[in-house]
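*Asks:* Next input, structure requested:
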Amino acid sequence: MSNVQLLDLKLPPKEGFDIESLRIYLKSYLKLSTDDEINIQLLRRSIDARSKNPIVNLKFELSVNQPLPAADLLQPTYGNVAHAKPVHIIGSGPAGLFAALRLIELGLKPVIFERGKNVRERRRDLAAINQKHIVNPESNYCFGEGGAGTYSDGKLYTRSHKRGNVDSVLATFYAHGAAPEIMVDTHPHIGTNKLPAIITAMRETILQCGGEVHFEKKLTAIQYNTSGIKTITLNGNEKVTTQAVILATGHSARDIYEILHQSDILIEFKPFALGVRIEHPQVLIDSIQYHQKERNPYLPAASYSMVHQAQGRGVYSFCMCPGGIIAPCATNTGEVVTNGWSPSKRNNPFANSGMVVEIKEEDTAAFAQHGALKGMYFQQSIEQLACKLAGNTQAAPAQRLTDFVSGKVSSHLPETSYQPGLKSISLDEVLPQAVSARLKESFQVFGQKMRGFYTEEAVLHAVESRTSTPVRIPRNHETLMHDQVKGLFPCGEGAGYAGGIVSAAIDGQRVAEMVKTFVI
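*Replies:* Below is the predicted model:
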């Protein structure tokens, strides 16, 4: 019993999530003495809730009366790059931050320009949105240190099959303060309450290594010629000479797309999705998913994932937030946009999720005069209509799920996590008919898949419109550089090459590696 063992066990929730209970169980399972010391290194953990008694699949290394070897967590190594060749990064979201950290590993100096404020100062502007319905176009839930990722729940699940890249991203988060469980759980999660400190720690790493981070520096122009990018302009009058720019501005920086369009830098329409954010009592989702009236205290708040083909279009859940909060995510006055997040403990009384319908190019025909930006203007028009119908405030147009499907304005609405409040409106007035009809069909199908999901207790908040960018900035598949402008590297969600924190971070790392080959 002295050697390291690798075990795969199916366990009750208490043993699956409480390490001391697991040790007690293992002493009995392995017929050990009560005096034996068990050391455990968790490797993978997932929940199987298909039966009435959910189980936890646990994979771990175990040793008895001897220490385990240190886990290989792919910890990054950073040197000092204060005097190295600079690479300019626009945006400090996941793509920009991970590009910066990777550049340091590669011996280059990252210089980040962020239009918004640092995490601490940004909080005041978020409070103003929630409490006073005031939107600061430069500092909000989307713009500022950490980008939208800072206040987007911290879900680290990705469909990327490049496990090494995923582990590298998770290890970097862990090295900057994230809980070790993110290296283990199948659906890792940090929590919006934990992310600000982690993002701040990443900034400190960049600064300590000789990189630079500049806040309230907004990109306003790009100058280039046939030989490549020459300068960028910040805040309208500050010119910076550059050889390489990583453009990591996120999916909501509409003015960046305008700058590219006006500068004759090629951009393209990209399909996206639009719909609503639905909110249920978390206890209801728990009872449905865990098949129990009361959730086992060792199990996390339950989540769900839905997809349906309605009239030739995909309708699906997006960014599901158990124990979460719906937040106002407009980036300009005159818009209403909803999104969701959860704290680390996922212990709020509500569950929310985006429920969205695919938007294709033909849907945007009314905005054809805007060329590649037609999807963006279509998206914005829905957000502006939502704001107008809600009285030009940040209140969200809302309707009970069952009332929406039956075509009835809700006479009253239940309590919500959305702080700016709700306005009872027929969402048929807000959503395009093609979106509304498909949602109605899909909600009834989802109610059949999850008994209890289709209920008057569920409330729809409009609109969920920023699932992804409606614009793609094309780049070469091999060099990851814009074919037209040498030295311009579109990156992350804003460029159309990522769909979440981890995929954006991976894209940032990949782009940094390509920049290394370009500037040397």
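*Asks:* Downstream of the helix or strand of the chain with the lowest mean pLDDT, the next helix or strand is which one?
*Replies:* The helix or strand of the chain with the poorest confidence is helix 163-175; it has a mean of 87 (mean pLDDT, DSSP states H and E). Proceeding C-terminally, helix 163-175 gives way to helix 195-208 as the next helix or strand, assigned by DSSP states H and E.
*Asks:* what are the pairing partners of the helix or strand just after that next one, and which direction each?
*Replies:* Per DSSP H and E, the first helix or strand lying C-terminal to helix 195-208 is strand 212-215. Under the criterion DSSP bridges, strand 212-215 sits next to strand 109-114 (parallel) in its sheet.
*Asks:* The strand it pairs with: how far from the chain's middle?
*Replies:* 22 Å (CA atoms, centre = their mean, to the nearest Å).
*Asks:* ok and that strand relative to helix 195-208, angle-wise?
*Replies:* Here strand 109-114 points in a direction 140 degrees away from that of helix 195-208 (axes from the mean of the first three to the mean of the last three CA atoms, to 10 degrees).
*Asks:* quick revisit: which outside residues touch the least confident helix or strand of the chain?
*Replies:* 73-76, 98, 101, 156, 158, 160, 178, 180, 182-183, 188, 190, 198, 202, 502, 505-506, 509-510 (CB atoms under 8 Å, 6 or more residues apart in numbering). In short, each C-beta sits where N, CA and C put it, glycine included.
*Asks:* let's see 7 Å
*Replies:* 73-76, 98, 101, 156, 158, 160, 180, 182-183, 188, 190, 198, 502, 505-506, 509 (CB atoms under 7 Å, 6 or more residues apart in numbering).
*Asks:* How about stretch 182-189?
*Replies:* 42-46, 73, 154-157, 170, 173-174, 181, 190.
*Asks:* which of the residues you listed are buried?
*Replies:* With burial judged by 16 or more other CB atoms under 10 Å, the buried subset of these is 42, 45, 154-157, 170, 173-174, 190.
*Asks:* wait, which of the residues you listed is closest to Ala248?
*Replies:* When those are ranked by distance to Ala248 (CB to CB), Phe173 comes first, at 17.3 Å.
*Asks:* gap between the closest one and Arg123?
*Replies:* Counting by CB to CB, to the nearest Å, the gap from Phe173 to Arg123 is 21 Å.
*Asks:* now Ala302
*Replies:* Distance, Ala302 to Arg123, using CB to CB: 30 Å.
*Asks:* So the two - more neighbours on which side?
*Replies:* The residue with more neighbours, out of Ala302 and Arg123, is Ala302; 24 against 15, by other CB atoms under 10 Å.
*Asks:* State the pLDDT value of the more buried one.
*Replies:* In this prediction, Ala302 carries a pLDDT score of 96.
*Asks:* One more: Gln223?
*Replies:* Note on Gln223: pLDDT of 97.
*Asks:* ok, now which ones touch it?
*Replies:* Counting by CB under 7 Å, 6+ apart, Gln223 has contacts 230-231.
*Asks:* That one: which element?
*Replies:* Per DSSP H and E: Gln223 is located in strand 219-225.
*Asks:* buried ones in that strand?
*Replies:* For strand 219-225, burial by neighbour count (16+ other CB under 10 Å) applies to 219-220, 222, 224.
*Asks:* what's the most distant pair in those?
*Replies:* Using CB to CB, those span at most 14.6 Å, a distance reached by Thr220 and Tyr224.
*Asks:* re earlier: give the pairing partners of the strand holding Gln223; include direction for each.
*Replies:* Next to strand 219-225 in the sheet, as set by DSSP bridges, lie strand 228-234 (antiparallel).
*Asks:* The strand it pairs with: how far from the chain's middle?
*Replies:* Centroid displacement of strand 228-234 relative to its chain, using CA atoms, centre = their mean, is 29 Å.
*Asks:* as a whole number, average confidence for that strand?
*Replies:* 97.
*Asks:* From the rest of the structure, what touches it?
*Replies:* Contacts with strand 228-234, where a contact means CB under 7 Å, 6+ apart, come from 88, 113, 217-224, 239-242, 245, 485-488.
*Asks:* Quick check: buried residues in the longest helix seen in the chain?
*Replies:* Counting by DSSP state H, the longest helix found in the chain is helix 501-519. Buried positions in helix 501-519, judged by neighbour count with 16+ other CB under 10 Å: 501-512, 514-516, 518-519.
*Asks:* Over to stretch 467-483?
*Replies:* By 16+ other CB under 10 Å, the buried positions in stretch 467-483 come out as 467-475, 480-482.
*Asks:* Over to stretch 327-347?
*Replies:* For stretch 327-347, using 16+ other CB under 10 Å, the buried residues are 327-332, 335-344, 346.
*Asks:* how long is it from one end to the other?
*Replies:* Start-to-end span of stretch 327-347 (CA to CA, to the nearest Å) is 16 Å.
*Asks:* so how far is Ala99 from the residue of the chain most remote from its centre?
*Replies:* Going by CA atoms, centre = their mean, the residue of the chain most distant from its centre is Ser33, 46.5 Å out. Going from Ser33 to Ala99 by CB to CB gives 52 Å.
*Asks:* same question, Leu43
*Replies:* For Leu43, the distance to Ala99 - CB to CB - is 29 Å.
*Asks:* ok, now Glu493?
*Replies:* 13 Å.
*Asks:* what does Asn193 give?
*Replies:* Distance from Asn193 to Ala99, by CB to CB: 26 Å.
*Asks:* the more surrounded of these two?
*Replies:* With neighbours defined as other CB under 10 Å, Asn193 and Ala99 compare such that Ala99 has more, 31 against 13.
*Asks:* Please list all residues in contact with the residue nearest to the more buried one when sequence neighbours are not counted.
*Replies:* In this structure, Ala99 finds its nearest non-sequential neighbour in Gly508, 3.6 Å apart by CB to CB, 6 or more residues apart in numbering. Going by CB under 7 Å, 6+ apart, Gly508 touches 94-96, 98-99, 102, 248, 491-492.
*Asks:* go on, Val135?
*Replies:* 129, 330, 332-333.
*Asks:* Kindly recompute the last result at 8 Å.
*Replies:* 128-129, 328, 330-333, 335, 394.
*Asks:* Tyr257 now?
*Replies:* 267, 372-373, 376, 471 are the contacts of Tyr257 under CB under 8 Å, 6+ apart.
*Asks:* Of these, which pair is most distant in space?
*Replies:* Farthest pair in the contacts of Tyr257 (CB to CB) is Ile267 and Met376. Separation: 9.7 Å.
*Asks:* Now do the shared contacts for these two.
*Replies:* Residues touching both Ile267 and Met376 (CB under 8 Å, 6+ apart) are 257, 471.
*Asks:* Check which helix or strand Thr77 maps to.
*Replies:* Here Thr77 sits in a region with no helix or strand, counting by DSSP H and E.
*Asks:* Was I right to think it contacts Gly107?
*Replies:* No - the pair Thr77 / Gly107 is not scored as a contact, 11.3 Å apart, by CB atoms under 8 Å.
*Asks:* Looking at the two, which one has more neighbours?
*Replies:* Between Thr77 and Gly107, counted using other CB under 10 Å, the more crowded position is Gly107 (13 against 6).
*Asks:* And that one, how far from Cys209?
*Replies:* Gly107 is 11 Å from Cys209, by CB to CB.
*Asks:* Phe60 against Leu7, yeah?
*Replies:* Yes - applying CB under 8 Å, one finds Phe60 in contact with Leu7, separated by 5.9 Å.
*Asks:* So these two - more neighbours on which side?
*Replies:* Phe60 (20 against 14).
*Asks:* Surely that one is within a strand?
*Replies:* Yes - with DSSP: H, G, I helix; E, B strand; the rest coil as the criterion, Phe60 is part of a strand.
*Asks:* Report pLDDT for it.
*Replies:* Looking at Phe60, its pLDDT reads 96.
*Asks:* for it, what are its contacts?
*Replies:* Counting by CB under 8 Å, 6+ apart, Phe60 makes contact with 6-7, 40-43.
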